[in-house]
Every structure is written in structure tokens, then in C-alpha cells.
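Engineer: model this:
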Amino acid sequence: MGSGDSSMGGGGYSSSSSGGSGGYRERRPREMFEATCSNCGKTAMVPFRPTSGKPVYCDDCFSRRRA
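Structural biologist: Sure thing, here's the model as predicted:
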């Protein structure tokens, strides 16, 4: 086990720019969109652009639906 080898390898878990796998882990802020909850009518912020015909739920209603 060499003490100078820590910068190489790392099991592929380093934040190098090779490949782009794990792009969801980037630290840039997510664009949030405003939507109206389909259940209670409150305003909700969601990380995707809402489309017509698909329900969108606020945090409270979403948690209740998953329970």
C-alpha cells in the first residue's frame, strides 16, 4: 500500500470528468417550477416542468399518498 497512490484509482468514486456517470450528483442548483397541488390546491415547488394532464402534489399530499 503506497502512501503516494491516493490520487490514482479510488474505486471510480472520484469526481473526475470521465464519462459523466452519476451526473445527478452534480452540485449545481436544480431549477424549480411552481405548480398547484392537484389534491389540496396549495402552491408547490417541483424540480420538473409540470405538464397538463398529470397530477402534481405538494410535499404534504405526496407524503400522504406514498404512506
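Engineer: Every contact and neighbour count from this point should use C-alpha atoms.
Structural biologist: OK.
Engineer: can you give me the strands for the chain?
Structural biologist: 33-36, 43-46 (DSSP state E).
Engineer: Convert the first one to PDB, retaining C-alpha atoms only.
Structural biologist: What follows is strand 33-36, C-alpha atoms only, in PDB (Å, rounded to 0.1, in the frame of the first residue of the first chain):
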ATOM      1  CA  PHE A  33     -41.000  25.200 -11.100                       C
ATOM      2  CA  GLU A  34     -44.200  26.400  -9.400                       C
ATOM      3  CA  ALA A  35     -47.200  24.200  -9.600                       C
ATOM      4  CA  THR A  36     -50.600  23.900  -8.000                       C
END
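Engineer: could I get the strands of the chain as TSV with distance to Lys54 and mean pLDDT?
Structural biologist: Shown next, in TSV, are the strands of the chain (distance: least, CA to CA, whole Å; pLDDT from 0 to 100):
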stretch	distance to Lys54	mean pLDDT
strand 33-36	11	95
strand 43-46	13	94
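Engineer: So for Arg66, which of the ones you listed sits nearest?
Structural biologist: The minimum distance between Arg66 and those falls on strand 43-46, with 16.6 Å, by CA to CA.
Engineer: Now that closest one: buried residues?
Structural biologist: Ala44, Met45, Val46 (16 or more other CA atoms under 10 Å).
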